[in-house]
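**Q** sequence and predicted model, in that order:
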Amino acid sequence: MNSLAALAADPATTASPKFQLRLYVAGQTARSLAAFANLHRICETHLAGQYYIEVIDLTKTPQLAAGDQILAVPTLVRRLPEPIKKIIGDLSNESRVLVGLDIQPVAIDAR
Amino acid sequence: MKKKMSDRLPTLPKARTGIEGLDQITGGGLPAGRPTLVSGSAGCGKTMLAIEFLVRGATQFGEPGVFMMFEESAAELAANVRSMGFDLEELQAQKKIVLDYVHIERSEIEETGEYDLEGLFIRLGHAIDSIGAKRVVFDTLEALFAGLSNHAVLRAELRRLFRWLKDRGMTAIITGEKGEGSAVTRYGLEEYVADCVIILDQRIQDQLSTRRLRVLKYRGTAHGTNEYPFLIGAHGFSVLPITSLQLDHQVTTQRVPTGIARLDEMLGGLGYFRGSSVLVSGAPGTGKSSIASKFMETACQRGERALLFAYEESSAQIVRNMRSVGIDLERWIKKGLLQIHASRPTLQGHEQHLVTMHDAVRAFRPTVVAVDPITNLFMTHNDAEVKPTLMRLIDFLKKEQITAIFTCLTTGGDATTAPEDSQVGVSSLMDTWLLLRNIEFNGERNRTIFVRKSRGMAHSNQVREFILSDTGIDLVDVYLGGDRVLTGSARVTQEAQERSAATLREQDHQLKLRQLDSKRKAIDAQIAALQAEAEAETAEVHFAITQETLQETTADLNAAAMSQQRRVTSGLNGLTKGKR
């Protein structure tokens, strides 16, 4: 999981990130890694400097699964801005991820 | 064939559900360490069965459980089952049960690319480990089909889930909604759960709903294949027949008096057998309730408890009416020895009535139970269902050694057309059958009673007249004379006639005797008169004889005197002599 954590954006550089994302995975599987890589790429492309990604490995902290109603993995949860949105799968379809996160592909207005 | 083979092997390990009746039908419970599918349409009680399985497992069999719900929240479920006496919050606090509400809202979820349900496995695994669970319930997995669009993934994951549950040795219940047509579940869950399938069903008949349970499949074990009615009552889920699978109740030779001395006499002098079932059938107004009430009163007088289920009259009405025939029920109600449960038969389905009775009997522990009348309770419904239900009731009461008296209203008021035949189906369940009949004759109607049957005792074959008066119940012999059976005032008249005829005859005899006597006296008098006459004659004769004898003597004396005189004056008195 260290390799995944290393890829996460540094919270220090995003003092009050607009997008708080949480990615739930179960172990360091190919699918988990692919999901994180996809997420990171999308965020860098469309939400540069406005996001914070927290990765939760349910194999280590299973008690966290119930809180966000996690069923499928990987699941990406948009905790902020509200309302909470969930995207399940390896996030390989970028346009659907953008729809799921409710992100305008080009510019980001202060909604 | 396969089933029979496996029967001989050591029995399949089973996890008791603790649900009344279900363990009997399944021969000990659900397959331990395997999943069971419970399917049924909405409102059938799937969730209730599942939660009771879990709660009883946790509280009675030391097997904690995880309840994973997809449709209602933990708080809602806890509120729903509180009415059955299950305190889920408390059980959660005691770490006996974990409730996990899995909420899937399709509108909140976007699917992109591949995924699996490992999250669900992790949640479940965590819940199981946190309390050392042995039982798991999914209620209902089908919500997943609605929540996730990739059914191929879902099916693969479900297959993996059941495998996973088996590997972990979890006894699981998976609920499923009944599918269209003959499909067991809407999404074909039965495909994955091959070990045991239970179908729940709810039917409306005559505006009354009955729920039924059937074990569709139970791999590796024999099981009851019938449809069994079940109920969700105040004490949870109960499947009937509770006791009808065996016919092995204890019997006793102990007898209980009927409360009517002459009736006891008809039943071999001692009354009913304890624990037997008695049917009192008859047309309206033949006195069925009175016989039942008398029996209960007698039980109360012995200090035993009696329970009456009344389906025709209210409690107060029964008390008032029975007082009119000299039976004081109120006294025993106040003493707590008698309970009357009065309700309308149409209040609920007869299975529900049966469970109400069970509960009441369990709570009150009577030795005598009366149902007045079973006709109203059961006959209004589908006849084919009546007998099994009644059988269950009788079996239950017999098992508890309770003497039961059932009154049964026969159709038609006419006494002579054998309307009681309509009750033959029920009567085979009864040990003693008292038949009450009205005999209409000579402008009045009278009650008669006879013992149609009474198993295991010598009983009278005589018809007795049954008399209800304000002093109580009595039986009297009917008048059997010539070729007639007379009752009521005809009997009284006949008896009076007989009595007066006898009196007349008696008087006649006396007269004759008196006549004879006086005749004898007359003869005696005659005899006396004749004797007197004879005596008189005798006396006369004697007198005559005496007289003659006297004359002779006198003559002799005279002659002697004369001759002496002649000798003295012979010569001198020659003239004198010549004078003679």
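**A** Nice, thanks for sending it over. Numbering: from 1, shown residues only, chains lettered A, B, ... in the order given.

**Q** can you list the low-confidence ranges for chain A?
**A** Chain A contains residues with pLDDT under 70 at A:1-15, A:105-111.

**Q** kindly report the residues of it close to chain B.
**A** Contacts of chain A with chain B, taken as Cβ under 8 Å from any Cβ of the partner chain, map to A:24, A:26-27, A:31, A:34-35, A:38, A:58-59, A:62-63, A:65-66, A:69-75, A:83-93, A:96-97, A:99-100. C-beta: built from backbone N, CA, C; applies to glycine.

**Q** repeat that for 6 Å
**A** For chain A, the residues in contact with chain B (Cβ under 6 Å from any Cβ of the partner chain) are A:26, A:58, A:62, A:65-66, A:69-73, A:86-93, A:96-97, A:100.

**Q** for the chain, which helix is longest?
**A** If you meant another chain, say so; for now it's chain A. Secondary structure of chain A per DSSP state H: the longest helix is helix A:30-46.

**Q** ah, I was thinking of chain B
**A** Max-length helix for chain B by DSSP H is helix B:488-568.

**Q** about what we covered before: in the longest helix of chain A, what's buried?
**A** A:Arg31, A:Ser32, A:Leu33, A:Ala34, A:Ala35, A:Phe36, A:Asn38, A:Leu39, A:His40, A:Ile42, A:Cys43, A:His46 (16 or more other Cβ atoms under 10 Å in any protein chain shown).

**Q** which residues sit against that helix?
**A** Helix A:30-46 is contacted by residues A:Leu4, A:Leu7, A:Val25, A:Tyr51, A:Pro74, A:Asp90, A:Leu91, A:Ser92, A:Glu94, A:Val97, A:Ile103 when judged by Cβ atoms under 6 Å, 6 or more residues apart in numbering or on different chains.

**Q** what residue ranges in the stretch 251-400 of chain B score low on pLDDT?
**A** B:349, B:376-386.

**Q** how far away is the residue of it found nearest chain A from A:Leu23?
**A** Using Cβ to the nearest Cβ, the closest approach of the stretch 251-400 of chain B to chain A is made by B:Val355 at 37.6 Å. Going from B:Val355 to A:Leu23 by Cβ to Cβ, to the nearest Å gives 53 Å.

**Q** over to B:Ser500?
**A** 114 Å.

**Q** looking at those two, which is more packed in?
**A** A:Leu23 (23 against 10; other Cβ atoms under 10 Å in any protein chain shown).

**Q** could you double-check that that one sits in contact with A:Leu76?
**A** Yes - with contact defined as Cβ atoms under 6 Å, A:Leu23 reaches A:Leu76; the gap is 5.2 Å.

**Q** quick one: B:Glu111 from B:Thr356, how far?
**A** Distance of B:Glu111 to B:Thr356, given as Cβ to Cβ: 51 Å.

**Q** ranges for the helices of the stretch 51-200 of chain B?
**A** B:74-82, B:88-93, B:118-131, B:142-147, B:151-167 (DSSP state H, counting those that start in this stretch).

**Q** next one: chain A
**A** Under DSSP H, chain A gives helices at A:2-7, A:30-46, A:94-101.

**Q** what packs against the helix or strand hosting B:Leu393?
**A** Taking DSSP states H and E as the definition, B:Leu393 sits inside helix B:383-399. Applying 3 or more Cβ pairs under 6 Å, 6 or more residues apart in numbering or on different chains; DSSP states H and E, one finds that helix B:383-399 contacts helix B:350-364.

**Q** do that again at 10 Å, thanks
**A** strand B:227-233, strand B:277-282, helix B:350-364, strand B:368-372, helix B:374, strand B:403-409, helix B:424-427 (3 or more Cβ pairs under 10 Å, 6 or more residues apart in numbering or on different chains; DSSP states H and E).

**Q** any buried residues in it, and which?
**A** B:385-386, B:388-398.

**Q** double-check that B:Ser39 belongs to a strand.
**A** Yes - checked against DSSP: H, G, I helix; E, B strand; the rest coil, B:Ser39 lies within a strand.

**Q** what's the burial count for it?
**A** Neighbours of B:Ser39 under the rule other Cβ under 10 Å: 26.

**Q** cool, and the one 4 residues further on?
**A** By the criterion of other Cβ under 10 Å, B:Gly43 has 11 neighbours.

**Q** what of B:Glu330?
**A** Neighbours around B:Glu330, by other Cβ under 10 Å: 16.

**Q** check whether it really touches B:Leu337, as I assumed.
**A** No - using Cβ atoms under 10 Å, B:Glu330 is not in contact with B:Leu337, being 11.5 Å away.

**Q** show me which residues of the stretch 101-250 of chain B sit near chain A.
**A** Counting by Cβ under 10 Å from any Cβ of the partner chain, the residues of the stretch 101-250 of chain B lying close to chain A are B:101-105, B:107-127, B:129-130, B:144, B:147-148, B:150, B:153-154, B:157.

**Q** picking up where we left off before, pull out the buried members of the residues of chain A next to chain B.
**A** By 16+ other Cβ under 10 Å, the residues of chain A next to chain B give A:26, A:58, A:62, A:65-66, A:69-73, A:86-91, A:93, A:96-97, A:100 as buried.

**Q** quick check on residue 70: phi, psi?
**A** Defaulting to chain A. phi -90, psi 130 (degrees, to the nearest 10).

**Q** actually it's chain B I care about, not the one you picked
**A** Main-chain torsions, B:Phe70, degrees, to the nearest 10: phi -120, psi -10.

**Q** roughly how far apart are it and chain A?
**A** Distance of B:Phe70 to chain A, computed by Cβ to the nearest Cβ, to the nearest Å: 9 Å.

**Q** return the residues in contact with that residue.
**A** Taking Cβ atoms under 10 Å, 6 or more residues apart in numbering or on different chains as the criterion, B:Phe70 is in contact with A:71, B:100-104, B:138-144, B:146-147, B:175.

**Q** ChimeraX command to pick out the buried ones of these?
**A** Buried subset of these, written as a ChimeraX selection, criterion 16+ other Cβ under 10 Å:
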select /A:71 /B:100,101,102,104,138,139,140,141,142,143,144,147,175
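
**Q** which of the contacts of B:Phe70 sits closest to B:Ala183?
**A** B:Glu142 (12.1 Å; Cβ to Cβ).

**Q** ok, that closest one touching B:Glu177?
**A** Yes - proximity of B:Glu142 to B:Glu177 meets the contact threshold set by Cβ under 10 Å, at 5.7 Å.

**Q** so for these two, which residues contact both of them?
**A** Joint contacts of B:Glu142 and B:Glu177 (Cβ under 10 Å, 6+ apart) are B:Thr185, B:Arg186, B:Tyr187, B:Leu189.

**Q** show me which pair in those is furthest apart.
**A** B:Arg186 and B:Leu189 (8.3 Å).

**Q** the more surrounded of those two?
**A** Counted by other Cβ under 10 Å, B:Arg186 and B:Leu189 do not tie: B:Leu189 has more neighbours, with 26 against 16.

**Q** can you give me the neighbour number for the residue nearest to the more buried one when sequence neighbours are not counted?
**A** Nearest residue to B:Leu189, sequence neighbours excluded (Cβ to Cβ, 6 or more residues apart in numbering or on different chains): B:Gly176, at 4.5 Å. Neighbours of B:Gly176 under the rule other Cβ under 10 Å: 25.

**Q** distance from the chain centre to the longest helix of chain A, please.
**A** In terms of Cα atoms, centre = their mean, to the nearest Å, the centre of helix A:30-46 is set 8 Å apart from its chain centre.

**Q** follow-up on the earlier one: overlap of the contact sets of B:Arg186 and B:Leu189?
**A** With Cβ under 10 Å, 6+ apart, B:Arg186 and B:Leu189 have common neighbours B:Ser39, B:Thr140, B:Glu142, B:Phe145, B:Gly176, B:Glu177, B:Gly179.

**Q** list the contacts for the second one?
**A** By Cβ under 10 Å, 6+ apart, B:Thr140 lies in contact with B:38-39, B:46-47, B:50, B:68-71, B:174-177, B:185-187, B:189.

**Q** try it again with 6 Å
**A** Contacts of B:Thr140 (Cβ under 6 Å, 6+ apart): B:Thr175, B:Gly176.
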